[in-house]
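Enquirer: Build me a structure from this.
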Amino acid sequence: QVQLVESGGGLVQAGGSLRLSCAASGSIFSINAMGWYRRQAPGKQRELVAAITSGGTTTYPDSVKGRFTISRDNAKNTAKNTIYLQMNSLKPEDTAVYYCNAHIVVPGAGVYDYWGQGTQVTVSS
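Expert: Here you go, the predicted structure:
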């Protein structure tokens, strides 16, 4: 069983900062990549916000490049692996539910895609 637990969302004024965390725990052999997605309105598709591979390569869409930074804290055991999303210079259009995602190798089972429960980020103008 694998769980992704997110924290750090909230309400902030435009121009402010927030830091999101996502901790993966459970039966994890390795994590190929982790990332953050967001859904800005019900019915809209989730969009990639930031991703980081096991080798440390990061990816950002133009909409957040230079403002958001993803980082990773890889534990050496199977207890916890954590990523962070530092969000600076926030804009009202960054308002969304942010979801953590991880591609995880589960021992004896294969590679699976896991999602967190989502955390609300609201940026007021």
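Enquirer: strand partners of the host helix or strand of residue 12, parallel vs antiparallel please.
Expert: Under the criterion of DSSP states H and E, residue 12 resides in strand 10-13. Strand 10-13 has its sheet partners listed here by DSSP bridges as strand 119-124 (parallel).
Enquirer: The strand it pairs with - what's its average pLDDT?
Expert: Averaged over strand 119-124, pLDDT sits at 97.
Enquirer: Just checking the distance from it to the centre of its chain.
Expert: In this view, strand 119-124 has its centroid 14 Å away from the chain centroid, taken as C-alpha atoms, centre = their mean, to the nearest Å.
Enquirer: Alpha carbons of it, in PDB - could you do that?
Expert: C-alpha atoms of strand 119-124 as PDB (Å, rounded to 0.1, in the frame of the first residue of the first chain):
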ATOM      1  CA  THR A 119      -4.700  20.700  -1.500                       C
ATOM      2  CA  GLN A 120      -6.400  24.000  -2.200                       C
ATOM      3  CA  VAL A 121      -4.300  27.000  -3.100                       C
ATOM      4  CA  THR A 122      -6.200  30.300  -3.300                       C
ATOM      5  CA  VAL A 123      -4.600  33.500  -4.400                       C
ATOM      6  CA  SER A 124      -6.500  36.700  -3.800                       C
END
